[in-house]
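*Asks:* show me how the following folds:
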Amino acid sequence: MARNKKKKLPLVYKPVGIVLGLASGALAGRTFRATWKAIRHEDNAPDPLDRDRGWAEILLAAALQGALFAVARSAADRTGAKAIERSTGIWPAQDKGGRE
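*Replies:* Below is the predicted model of the structure:
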């Protein structure tokens, strides 16, 4: 029985993970815009195809945005997994592999 429950739990966690992923993405986007505005005093981050922007500015914006999204997604995944474990007693991941 426990073996069967363990196989089904990752499927149950999928909708939770999707909702948490969407929420963390929205939060990371807002955080990035606020951070960029604080750093450069501009409302919008540079577009990589903007001819008037330099490499350093484009890459700084991309690195900052990537880091914030990775942190938000990891925090959301971990929070969701811990909540599932507390409520069911089972960790929702099947193996110890990395993110797909």
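*Asks:* contacts and neighbour counts: CA atoms only from here.
*Replies:* Noted.
*Asks:* so what's residue 37 closest to, chain neighbours aside?
*Replies:* residue 43 (5.6 Å; C-alpha to C-alpha, 6 or more residues apart in numbering).
*Asks:* what about the one you found, distance to residue 86?
*Replies:* 41 Å (C-alpha to C-alpha, to the nearest Å).
*Asks:* over to residue 73?
*Replies:* Relative to residue 86, and taking C-alpha to C-alpha, residue 73 is found at 20 Å.
*Asks:* out of the two, which sits in the more crowded spot?
*Replies:* The neighbour count for residue 73 versus residue 86, taken as other C-alpha atoms under 10 Å, is higher for residue 73 (21 against 11).
*Asks:* what helix or strand is the more buried one on?
*Replies:* helix 55-88 (DSSP states H and E).
*Asks:* quick one: list the elements packing against that helix.
*Replies:* helix 2-40 (3 or more C-alpha pairs under 8 Å, 6 or more residues apart in numbering; DSSP states H and E).
*Asks:* any idea how far the helix it packs on is from the middle of the chain?
*Replies:* Offset of helix 2-40 from its chain centre (C-alpha atoms, centre = their mean, to the nearest Å): 5 Å.
*Asks:* quick one: it to helix 55-88, angle?
*Replies:* Per axes from the mean of the first three to the mean of the last three C-alpha atoms, to 10 degrees, the angle that helix 2-40 makes with helix 55-88 is 150 degrees.
*Asks:* so, low pLDDT: which residues of the chain?
*Replies:* 1-9, 95-100 (pLDDT under 70).
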